[in-house]
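In: sharing a model prediction with you, sequence too.
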2 protein chains.
Amino acid sequence: MNNIITSKDNPVIKLYQKLSSSKKERLQYGLFVLEGLRIVEDAVKEHADLTHLIITERAAEKDGSLLQADLRDTKVIVISNELGSRIASTDSTQGIFAICRIPESRRLLIKGNGRYIVLFGLQDPGNAGMIIRTADALGVDGIIMSGSCDLYSPKVIRSTMGSVFRTEILIENDADELFRYLAENGVVTSAAVIDKDADTISSIGFSGCQAVFIGNEGNGLPAEISARCTRRITIPMNGTINSLNAAMAAGIIMWELTKN
Amino acid sequence: MNNIITSKDNPVIKLYQKLSSSKKERLQYGLFVLEGLRIVEDAVKEHADLTHLIITERAAEKDGSLLQADLRDTKVIVISNELGSRIASTDSTQGIFAICRIPESRRLLIKGNGRYIVLFGLQDPGNAGMIIRTADALGVDGIIMSGSCDLYSPKVIRSTMGSVFRTEILIENDADELFRYLAENGVVTSAAVIDKDADTISSIGFSGCQAVFIGNEGNGLPAEISARCTRRITIPMNGTINSLNAAMAAGIIMWELTKN
C-alpha cells in the first residue's frame, strides 16, 4: 500500500479534525464526519455523498471489504495507526473515518397521511440521536429540527446508529416559517406537554397528517409555541416523578403516532 | 465547622471508594454509594437507609439545607473540597456523597392485576437505569433483575434519577426459582422478541397479572427462556433497522403494559 499518511498536518486530516470539533466549520464547508465501520457502511449503502474515506493500515487489512464498495466519487486515504488514534473520538477506535457532504437543505415532502416529529429546542445530542433512530425503527415519515442541537455533530450522528441516512430530516430554525409550512400542507400539530389537563395520547386519535412537537429537556416547549399548535397532548405519569427522559417520551409518542 | 477531613486514608473515604468501584465490596458490606444533591435528597425523602453523608466544605455552605433533614441514623462527615474532587466521578462534582444500605432481599408482593418487567441478562447500566426511571414514571408495579448488570453500581443508580428509591426491585438470578415464583402467583409471562411472527404488542391485551421479559442488548432473550414464557410479543418495526435500543423498546412495551 503506497502513500500512507503519517502527518497530522496533512490537509485532509486537518479538515477532518476541524469538522469534528466545530459546527461553524461544518456549516462553512457543508461537510461532516463519520467514525466507525458500521456507520460508514450504512453511509455507503444509503448512497450518502462521501468525499473522503480515511482508514488506518490496520483497518485496511481487517475491514478491507469496505474498500470493495462502489467508491467512485470518494477519495480513499490510508493513514498510520498512530494518526488514527490521534483523530479518533474513542480510545478503542476501529480506525475507519469518513467525510460526508451535508445534503442540500430541501423541503420534506409532506404526505397525505404522513407522521412527523418536530424537535423544538432539544439540546442533548444523545437524545436527538436516539429519537432519530427510534423514528426510523417505527416508520415516522420525517423529522423537523428547529432551534435544536446540531444534527451533524459527531455525537448526534453516532447515536443515530446510521438512521440519519435513512430518515428524512429538515432543519428549519424559523418558527414562523415552520408553522406556515405545516399549515400550508394541512398538518395537524400537537404540542407534547407535561400537564394533566392536556389530552392523553392514548385517548386521542392520530388520523390524517400529523406532526408532534417535542420540546427542550429541561424546559419543555415555549408557551408561545405550544399555543400555536392545534392541540396539547400528554403522557399520563405517576405523581412521584417530574418527567420521563425526553427521548423516551418522544419514543412513546412516536409509537402511538405511527401504530395505526 | 470542626473536624474537616482531608486525608484519603480516612476509613469512611476508603470505604466509599471501595464501594464505588467494586461489586464484590458492595455485596460484602451490603452498602452502595450515591453522588449528587438530587439523588441524595431523593434518598432522604424516600427514607433510604443512609449510613454516611459525606459533604465538602463548599457544598455544606451552598446546600446546607440538606443537613436540616432528619439524619438521626446517618453519620455526617465534612471533607475538604480537594478530597471531594478526588472521590468524585465527574469533573464538576457537587461535593455531595452518601453511603446507603442495600435493602434486604425480599419478595416482590405480587398484586392481582400487577404489571411487572423482568430484565433478563440486560448488561448496560445506562439502559437499566433508564428502564427503572421509566417504570417509575409509567407506574409499573415492580422490576425483577435476573443475570443483569449490578443494580447498585454507581452508573445504574445515577441513571435511575432517584427512581431506584421509589420502585420495587427484586434481584433473582436463578431462572428456575424466578419462573416458579411467577407461576405460583398466577403471572402471565411474555417474552419480548424481535420476530415478525410473534404477537404485536398493540393487538394483544394485557389483562390480569402480567410480567414482560426484556433480554440482552445484543442477543435478546435466550431461546430457552423465551420458550418458558406464556407467549412471545414484539414491536413491529421498519425493515431497515435491526432493533430499537433496548431501553426504548422496554419503554414502549411498559407503556402498552400499563396504559389501561
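Out: On my side now, so go ahead.
In: what residues does the stretch 151-260 of chain A put near chain B?
Out: The stretch 151-260 of chain A comes close to chain B at residues A:161, A:163, A:166, A:202, A:235, A:237-238, A:240-241, A:243-245, A:247-248, A:251-252, A:255, A:259, as judged by C-beta under 8 Å from any C-beta of the partner chain. For glycine as for every other residue, the C-beta is placed from the backbone atoms N, C-alpha and C.
In: for chain B, see how far away the closest residue to A:Asp174 other than its chain neighbours is.
Out: Leaving aside its sequence neighbours, A:Asp174 sits nearest to A:Ser146 (C-beta to C-beta, 6 or more residues apart in numbering or on different chains; 8.0 Å). From A:Ser146 across to chain B, the span is 23 Å (C-beta to the nearest C-beta, to the nearest Å).
In: so A:Ser146 touches A:Ala175, yeah?
Out: Yes. Counting by C-beta atoms under 8 Å, A:Ser146 does reach A:Ala175; the two are 6.5 Å apart.
In: helices or strands up against the helix or strand that contains A:Ile144?
Out: If you go by DSSP states H and E, A:Ile144 is part of strand A:142-146. If contacts are counted by 3 or more C-beta pairs under 8 Å, 6 or more residues apart in numbering or on different chains; DSSP states H and E, strand A:142-146 sits against strand A:115-120, helix A:125-138, strand A:169-171, helix A:175-184.
In: other residues contacting it?
Out: A:108, A:110, A:114, A:116-122, A:128, A:131-132, A:135, A:151, A:167-175, A:178, A:211 (C-beta atoms under 8 Å, 6 or more residues apart in numbering or on different chains).
In: list the buried ones in it?
Out: A:142-146 (16 or more other C-beta atoms under 10 Å in any protein chain shown).
In: report the buried residues of stretch A:13-29.
Out: A:13, A:15-16, A:18-20, A:26, A:29.
In: ignore what I typed, I meant stretch A:93-102.
Out: For stretch A:93-102, by 16+ other C-beta under 10 Å, it's A:93-100.
In: quick one: mean pLDDT over it.
Out: Averaging pLDDT along stretch A:93-102 yields 95.
In: and for stretch A:147-159?
Out: The average of the pLDDT scores along stretch A:147-159 is 95.
In: ends of that stretch, what's the gap?
Out: 19 Å (C-alpha to C-alpha, to the nearest Å).
In: any buried residues in it, and which?
Out: Buried residues in stretch A:147-159 (16+ other C-beta under 10 Å): A:147-154, A:156-159.
In: now those residues in a markdown table, with secondary structure?
Out: Putting those into a markdown table (DSSP: H, G, I helix; E, B strand; the rest coil) gives the following:
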| residue | secondary structure |
| --- | --- |
| A:Gly147 | coil |
| A:Ser148 | coil |
| A:Cys149 | coil |
| A:Asp150 | coil |
| A:Leu151 | coil |
| A:Tyr152 | coil |
| A:Ser153 | coil |
| A:Pro154 | helix |
| A:Val156 | helix |
| A:Ile157 | helix |
| A:Arg158 | helix |
| A:Ser159 | helix |
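In: returning to what we had before: among the buried residues of stretch A:13-29, which lie within helices?
Out: Residues of these located in helices (DSSP state H): A:13, A:15-16, A:18-20, A:26, A:29.
In: need the residues you listed in TSV (columns: pLDDT).
Out: Shown next, in TSV, are those (pLDDT from 0 to 100):
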residue	pLDDT
A:Ile13	97
A:Leu15	97
A:Tyr16	97
A:Lys18	97
A:Leu19	97
A:Ser20	96
A:Arg26	97
A:Tyr29	96
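In: can you pick out the most distant pair from these?
Out: Checked with C-beta to C-beta, these reach their widest spread between A:Ile13 and A:Arg26, with 16.4 Å between them.
In: how many residues are close by A:Asn113?
Out: A:Asn113: 10 surrounding residues under other C-beta atoms under 10 Å in any protein chain shown.
In: ok, back up a step: turn the ones in helices among the buried residues of stretch A:13-29 into a markdown table, including distance to B:Val193.
Out: Converted to a markdown table, these look like this (distance: C-beta to C-beta, whole Å):
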| residue | distance to B:Val193 |
| --- | --- |
| A:Ile13 | 45 |
| A:Leu15 | 45 |
| A:Tyr16 | 41 |
| A:Lys18 | 45 |
| A:Leu19 | 40 |
| A:Ser20 | 38 |
| A:Arg26 | 40 |
| A:Tyr29 | 44 |
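In: write the ChimeraX selection for whichever of the residues of the stretch 151-260 of chain A next to chain B are buried.
Out: The ChimeraX command for the buried members of those (criterion: 16+ other C-beta under 10 Å) is given here:
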select /A:161,163,166,235,237,240,241,243,244,245,247,248,251,252,255,259
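In: low-confidence ranges in chain A?
Out: Applying pLDDT under 70 to chain A picks out residues A:1-2, A:106, A:239-243, A:260.
In: kindly report the domain assignment for it.
Out: Here the domain assignment for chain A is A:11-101, A:115-258, based on automatic domain parsing.
In: please identify the deepest-packed of the ones you listed.
Out: For the domains of chain A, average neighbour numbers computed from mean count of other C-beta atoms under 10 Å in any protein chain shown are highest in domain A:115-258, which has a mean of 20.
In: do me a favour and get the end-to-end distance for it?
Out: Note: domain A:115-258 ends 7 Å apart using C-alpha to C-alpha.
In: follow-up on the earlier one: would you turn the helices and strands packed on strand A:142-146 into JSON lines with distance to B:Ile77?
Out: Shown next, in JSON lines, are the helices and strands packed on strand A:142-146 (distance: least, C-beta to C-beta, whole Å):
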{"stretch": "strand A:115-120", "distance to B:Ile77": "44"}
{"stretch": "helix A:125-138", "distance to B:Ile77": "34"}
{"stretch": "strand A:169-171", "distance to B:Ile77": "50"}
{"stretch": "helix A:175-184", "distance to B:Ile77": "51"}
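In: closest one to A:Thr6 among the ones you listed?
Out: Counting by C-beta to C-beta, A:Thr6 lies closest to helix A:125-138 out of those; the figure is 31.5 Å.
In: who's in contact with the closest one?
Out: A:117, A:119, A:122, A:143, A:145, A:148-151, A:153, A:155-161, A:163-164, A:166-167, A:169, A:214, A:217, A:245-247, A:250-251, A:254-255, A:258, B:237-238, B:240-241, B:243-245, B:248.
In: and if we set it to 6 Å?
Out: A:117, A:122, A:143, A:149, A:153, A:155-156, A:159-161, A:163, A:166-167, A:246-247, A:250-251, A:254, A:258, B:237-238, B:241, B:244, B:248 (C-beta atoms under 6 Å, 6 or more residues apart in numbering or on different chains).
In: ditto for stretch A:12-26
Out: Stretch A:12-26 is contacted by residues A:31-33, A:52, A:77, A:87, A:150, A:152, A:154 when judged by C-beta under 6 Å, 6+ apart.
In: run the last query once more with 7 Å
Out: A:5, A:29, A:31-33, A:52, A:54, A:77, A:83, A:87, A:97, A:99, A:150, A:152-154 (C-beta atoms under 7 Å, 6 or more residues apart in numbering or on different chains).
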